[in-house]
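**Q** structure here, sequence nowhere to be found:
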C-alpha cells in the first residue's frame, strides 16, 4: 500500500519567520502536487513537480522534489497570515490505473 | 476557464435519509474523483469515474455510489445516512486518469443529524 507522510502535523509560527514542511514516502511517484486548503473550502493547487531534483519557486514558496522522486519539501520564506491553511501533498502513480495518494496534511498557523 | 463546481455547498440531513451531490468538472476534463474529508481521517478516496465508467474505488460501503454522465458531470449518492457520514465531500477533475493533476471544487459540507 502506498503511503505519504507529512511532517510536522501542526505548525504555529510568528509572521516573518521561515518554515519547511516535508512530504515523504517509500514509493516512487511520477509527479507530486502541493495544495493549500482553507477551512470549509476545497484544496487549491499550488504546484506540480515532475522531475527528480526539480526546484520550483512561487513567490515566497519554494518546492523541491527529491532526486529519488519519493519525497518533497515546501519552504516558505517570511511567512504571512495569508499563508495559514492546511498544506497537502499528493503523489501520482505511473499508469492510468493508479490512484492519486494524498498525505494527511500539515496545518500551518501564522500569527500576526 | 471555469473551475470545478459542486452543488449544493451545504446540506443537512437526518439519519436514514439519502443524499445526492453533484459535480461539474472543468471543461475538457474527463476524469472525476470523489473524496470524503473529515478532521480525523483526512482525505479519503471514494471513487473515480472516467468515460462514464467507475475506474477505481476506495474502501467505502455500498451505500456510497456514483455515476458520470456523457458530458463528464458526475453525481454521488449516499443512502441510509449515518452520523459518521458527516463530512466535507470533495470532487476533483483531471484531463485524464492516474498521473494527471487534479483540480478540486469547493466541496459540499454534509451534516447528518
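**A** Received the coordinates, thanks. No experiment lies behind these values; they were computed from the predicted model shown.
**Q** starting at the chain centroid, how far to the lowest-mean-pLDDT helix or strand in chain A?
**A** When the helices and strands of chain A are scored by mean pLDDT, DSSP states H and E, strand A:101-102 comes last with a mean of 90. Here strand A:101-102 is found 11 Å from its chain centre; the criterion is CA atoms, centre = their mean, to the nearest Å.
**Q** beyond it, next helix or strand please.
**A** The helix or strand immediately downstream of strand A:101-102 is strand A:106-111, counting by DSSP states H and E.
**Q** doesn't residue A:6 make contact with residue A:106?
**A** Yes: at 5.1 Å, residue A:106 counts as touching residue A:6 under the criterion of CB atoms under 8 Å. The C-beta positions use only the backbone N, C-alpha and C, and glycine is treated the same way.
**Q** one step back: strand partners of the least confident helix or strand of chain A, parallel vs antiparallel please.
**A** strand A:85-92 (antiparallel) (DSSP bridges).
**Q** distance between the strand it pairs with and the chain's centre?
**A** Here the centre of strand A:85-92 is set off from its chain's centre by 5 Å, with CA atoms, centre = their mean.
**Q** quick one, it and strand A:106-111 angle?
**A** Using axes from the mean of the first three to the mean of the last three CA atoms, to 10 degrees, the inter-axis angle of strand A:85-92 relative to strand A:106-111 is 150 degrees.
**Q** flag every residue of chain A that's near chain B.
**A** Proximity of chain A to chain B (CB under 8 Å from any CB of the partner chain) is limited to residues A:30-31, A:33, A:35, A:40-45, A:48, A:88, A:90, A:92-100, A:102-105.
**Q** give the other helices and strands that the helix or strand containing residue B:77 contacts.
**A** Element membership for residue B:77 (DSSP H and E) is strand B:74-78. If you count contacts as 3 or more CB pairs under 8 Å, 6 or more residues apart in numbering or on different chains; DSSP states H and E, strand B:74-78 packs onto strand B:19-24, strand B:31-38, strand B:42-50, strand B:64-68, strand B:87-94.
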